[in-house]
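**Q** Fold the following for me, if possible:
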Amino acid sequence: MWAGGRLRWHHPLRVGEEVERESRLVSITEKQGRTGPLAFVLVRHEFRNAAGLALTEEHDIVYRGDPQPGDPAPPPKEALAGAWSRETLPNETLLFRYSALTFNGHRIHYDYRYATEVEGYAGLVFHGPLAATLLIDLVRRERPSATITAFDFRSVRPVCVTGAAWTACGEPSDDGKTVRLWGRDAAGFLTTDGVATLA
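**A** Purely as a prediction, here's the structure:
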């Protein structure tokens, strides 16, 4: 599972320029969770162009065993509406296209039977990075002239395709330097939590 990530923009990447990506496995940490053993993996990607390091991206990935009947679910946290909001209707086509765009072959995003019968989800699973993309897009729509220099986010609760909307929410700080961003499912529960830093 995608548990979260961090992005740091050092200078712009331009469409059409040559970019080199170096990826490293930074750490693997084993822990015991409510439902058994977990492995937390930190992967760092560094993107360089002719001017040097342009973007640093870190992924927090969690590996777990197959769910068992009766495994406890974490209690959901309520999420309020923000000053900014934009609804998206997660559907099979959106998930398939995002999987193709990001070269993500994980079957929980496009194989309903696998997602429900093997992984134990209620339906196809909305990508954590797609939620992060939509949160960043909310900032772009609300503050089109702002430059985002950093974005930290974490997945809190899975979102499954059930025919219900998912909402990207945002609340800018009083000084306008940061924006708290979060995802809210149709039941009003927090699914993604993050902060964008603006230049």
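**Q** In contact with the residue of the chain positioned farthest from its centre, which residues?
**A** Most distant residue from the mean C-alpha position of the chain: Ala50, 28.7 Å away (C-alpha atoms, centre = their mean). By C-beta atoms under 8 Å, 6 or more residues apart in numbering, the contact set of Ala50 is 17-18. For every residue, glycine as well, the C-beta is placed using N, CA and C.
**Q** where's it relative to Glu20, distance?
**A** 10 Å (C-beta to C-beta, to the nearest Å).
**Q** Equivalent analysis for Lys31, please.
**A** 34 Å.
**Q** where's the host helix or strand of Thr93 relative to the chain centroid, distance-wise?
**A** Using DSSP states H and E, Thr93 sits within helix 92-101. Centroid displacement of helix 92-101 relative to its chain, using C-alpha atoms, centre = their mean, to the nearest Å, is 14 Å.
**Q** mean confidence for it?
**A** Confidence over helix 92-101 (mean pLDDT, whole number) is 94.
**Q** can you list contacts of it?
**A** In contact with helix 92-101 (C-beta under 8 Å, 6+ apart) are residues 88, 104-106, 109-110, 112, 124-127, 129-130, 161.
**Q** Could you do stretch 158-170 as well?
**A** With C-beta under 8 Å, 6+ apart as the test, stretch 158-170 has contacts from 1, 79-92, 95, 115, 121-126, 131, 134-135, 137-139, 142, 179-186, 191.
**Q** Between its first and last residues, how far does it reach?
**A** End-to-end span of stretch 158-170 (C-alpha to C-alpha, to the nearest Å): 19 Å.
**Q** Now do the buried residues in that stretch.
**A** Of the residues in stretch 158-170, 158-161, 166-170 count as buried by neighbour count, 16 or more other C-beta atoms under 10 Å.
**Q** Over to stretch 176-196?
**A** So, applying 16+ other C-beta under 10 Å, buried residues of stretch 176-196: 179, 181-185, 189-194, 196.
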